[in-house]
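A.B. asks: Predicted coordinates and the sequence they were generated for:
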Amino acid sequence: MKAGSARDDTLLNGIGVSEGYGVGRAVLLEDICLDYSGVKYISAEKEKARLEKAIEAFAAKAEKEAKELRKSAGEKAAEIPEGHLTILNDPLVRLQLEAAIDGKAVAEAAVDYVCSELYNRLAKVDDEIISQRADDIKDIKESLIGILLGVKGADIASAPKGSILIAREFTPSVICRINSKNVRAIIAETGADTSHAAILARTMGIPAAFSVLNARQIINNGDKLIVDGFTGKVITEPGEAEIIEYEKKQNAFLKEQQGMKAFFNMPAANESGADIRVCGNIGNAAQAQSVIQNGGEGVGLFRTEFLFMNKKREPSEEEQLEAYSSVAKAMNGREVIIRTLDIGGDKTVDYLKTEKENNPLLGLRAIRYCLKNSPIYKKQLRAILRAAYFGNVKLLLPLITTPEEVRFSKRLINECAAELDGKGIAYRIPPLGIMIETPSAALISDLLATEADFFSIGTNDLTGYIMAADRGNSAVCPLSDVFQPAVLRAIETTVKNAKRAKIPVAVCGEAAADERLIPKLVEWGVDSLSVSPSLILRTKQAVFGCK
């Protein structure tokens, strides 16, 4: 701990991006110096030759990393360094690099200029997938300039056993060099859970906390540390009792992970042989990889409102198509259920200028907002119809309370199909599902079953509305419980009505992962459960244990 620090400074908070607990000693990674101001331009031919040699070295390194990742972490992880090669081999990028050199730039400056221009263009786009590509460009730039300068970064592969690496940021190329047998965890001062670095850390099983501000100013080399990859918490100078506690937690976590690996490629089934599909819930396109990496059998709920909430403007039809179709392609034939825009209530979007309501949870939210704002709704519907052309996409309507809401949505879907036909754009009308998350929907689920191709029960809202209790209010928290008899009866009734109508029924709220509730859901005949990606294997295991 730094001189003068108080005990209060020993608990740092970031975001957990890769599950697990790491107990070890700090190894601080310094930023490498990429100052090329002393490099002199001799001729275009020589600079191009230097650049070509550096690109060859970069390619050899990327190919080696991809090969090693393919063996240790799987095909999807290997695609990250391979993607770097694809970007660098783009003819337009190569032409821009050569043009910069012809304009009297040294190879380092050419790489800096071209990559920075591309990064700045991509970084301005409010989209998770495109922002990942911007990070890849930054990684390529730094790696290539480092090769040109002959600058070598820290020898990460030789980090001693029990190390916890701390850096300003971790790029995919740095993560690839980590020896996961020696490194207990990583800490970064920047970064998000959807970055390629975070995805690689999860794939390699390295606990990680990102966005831990000023970590390198607070932590010294050799400090004892505990990293909680679930919460992003970092404890410096832990006592012996804390160390023992977290080592036990990590051992239990690893044992649990090992036990659940047996369920990775298996479809979940109970002892009587009834198959229950276990899928993952996602909030953006990048999280589809987490579903695959955790053995998910599809995306059971794509919450599209986050595409709108994480932007300063409404996403265009093309931007939405990119997000939805990328998930459909990534899932490679597995089911992808896309829920239409569910804003209002506790999810506000400033630029849509929704009117303030005294009771927004009972107001103009979800399907009600969409039907009142058909231009926004139809833009999303067209994007989903177009994305359905690329995979096994299904469409899900939130907060349904009447059959008329479903019928009106069907009319708009048909209008969208006609518009796409008129433009000669490929699409497919996907199966249409209904969220059962209001008392009204549960009570008339027999009627709604005649309008829908499938049901998805949203236990979070269903519980809140049935019990008239806000789960965020500690005074009434005990009422907001899925095990309340009224809630259980609503779920059972909905499942029975779906079965009578011979349509599939899923559960996609938090209760879908509740090991106490899963036996009841299996007994009633639920066809699939959709949970957070990190809970997929645990949920499969619980299904297998049902009688």
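C.D. replies: Thanks, I have the structure now.
A.B. asks: roughly how far is stretch 53-70 from the heart of the chain?
C.D. replies: 26 Å (CA atoms, centre = their mean, to the nearest Å).
A.B. asks: do stretch 291-302 as well
C.D. replies: 11 Å.
A.B. asks: got it, and stretch 504-514?
C.D. replies: The answer for stretch 504-514 is 19 Å, by CA atoms, centre = their mean.
A.B. asks: What of stretch 165-179?
C.D. replies: Worked out by CA atoms, centre = their mean, stretch 165-179 lies 20 Å from the chain centre.
A.B. asks: go on, stretch 510-525?
C.D. replies: 25 Å.
A.B. asks: Buried residues, that stretch. List them.
C.D. replies: Using 16 or more other CB atoms under 10 Å as the test for burial, stretch 510-525 gives 510, 511, 512, 513, 514, 517, 518, 520, 521, 522, 524. In this view, the C-beta of every residue, glycine as well, is placed from N, C-alpha and C.
A.B. asks: any idea whether the residue lying closest to the third one once chain neighbours are set aside is helix, strand or coil?
C.D. replies: With CB to CB, 6 or more residues apart in numbering as the criterion, residue 512 has its nearest non-adjacent residue at 4.2 Å, and that residue is residue 529. Per DSSP: H, G, I helix; E, B strand; the rest coil, the secondary structure class of residue 529 is strand.
A.B. asks: bridging residues for residue 529?
C.D. replies: Applying DSSP bridges to residue 529 yields these beta-bridge partners: residue 278, residue 507.
A.B. asks: ok, it touching residue 275?
C.D. replies: No - look at residue 529 against residue 275 with CB atoms under 8 Å: they stay out of range, at 11.6 Å.
A.B. asks: Do a quick rundown of the helices in the stretch 201-350 of the chain.
C.D. replies: All helices of the stretch 201-350 of the chain, identified by DSSP state H, counting those that start in this stretch, fall at 215-218, 240-260, 288-293, 305-309, 317-331.
A.B. asks: mind putting these in TSV, mean neighbour count and mean pLDDT included?
C.D. replies: Listed next are the helices of the stretch 201-350 of the chain as TSV, based on neighbours: other CB atoms under 10 Å; pLDDT from 0 to 100:
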stretch	mean neighbour count	mean pLDDT
helix 215-218	17	94
helix 240-260	13	89
helix 288-293	22	85
helix 305-309	19	84
helix 317-331	21	95
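A.B. asks: Residue 368 is nearest to which of these?
C.D. replies: When the helices of the stretch 201-350 of the chain are compared for distance to residue 368 using CB to CB, the nearest one is helix 305-309, at 13.9 Å.
A.B. asks: other SSEs contacting that closest one?
C.D. replies: Where contact means 3 or more CB pairs under 8 Å, 6 or more residues apart in numbering; DSSP states H and E, helix 305-309 is packed against helix 317-331.
A.B. asks: quick revisit: let me have the helices of the stretch 201-350 of the chain in TSV, extended by distance to residue 354.
C.D. replies: Listed next are the helices of the stretch 201-350 of the chain as TSV, based on distance: least, CB to CB, whole Å:
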stretch	distance to residue 354
helix 215-218	39
helix 240-260	42
helix 288-293	29
helix 305-309	11
helix 317-331	19
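A.B. asks: Identify whichever of those lies nearest to residue 62.
C.D. replies: Across those, closest to residue 62 is helix 288-293 (CB to CB), at 19.2 Å.
A.B. asks: Pick out whichever of residue 529 and residue 275 has more residues nearby.
C.D. replies: Set residue 529 next to residue 275 and count neighbours by other CB atoms under 10 Å: residue 529 wins out with 30 against 12.
A.B. asks: confidence score at the more buried one?
C.D. replies: Note for residue 529: predicted pLDDT of 96.
A.B. asks: Next: residue 338.
C.D. replies: Residue 338 carries a pLDDT score of 98 in this model.
A.B. asks: Tell me the bridge partners for it.
C.D. replies: On the basis of DSSP bridges, residue 338 is bridged to residue 302, residue 395.
A.B. asks: Which residues are in contact with it?
C.D. replies: 302, 304, 324, 384, 387, 393, 394, 395, 396 (CB atoms under 8 Å, 6 or more residues apart in numbering).
A.B. asks: And the fifth one, which helix or strand is it part of?
C.D. replies: Looking back up the chat, that one is residue 387. helix 374-388 (DSSP states H and E).
A.B. asks: pLDDT weak spots in this structure?
C.D. replies: 1-9, 72-76, 124-132, 194, 262, 264-274, 310, 345-347, 471-474, 547 (pLDDT under 70).
A.B. asks: Let's see that with 50 instead.
C.D. replies: Along the chain, segments meeting pLDDT under 50 span 1-9.
A.B. asks: ok, and for the helix holding residue 387, which residues are buried?
C.D. replies: Applying 16+ other CB under 10 Å to helix 374-388 flags 376-388 as buried.
A.B. asks: Residue 201: which of these is nearest?
C.D. replies: Using CB to CB, those come closest to residue 201 at residue 387, 28.9 Å.
A.B. asks: Excluding residues flanking it in the chain, which one is nearest that closest one?
C.D. replies: residue 324 (3.5 Å).
A.B. asks: how much space is there between that neighbour and residue 525?
C.D. replies: Using CB to CB, to the nearest Å, we find residue 324 at a distance of 30 Å from residue 525.
A.B. asks: same thing with residue 55?
C.D. replies: Residue 55 sits 58 Å away from residue 525, taking CB to CB as the criterion.
A.B. asks: Need the contact partners of the longest strand along the chain.
C.D. replies: Secondary structure of the chain read by DSSP state E shows that its longest strand is strand 21-28. For strand 21-28, the surrounding residues in contact (CB under 8 Å, 6+ apart) are 159-160, 162-167, 183-185, 206-207, 216, 219-230, 238, 243, 246-247, 249-250, 253.
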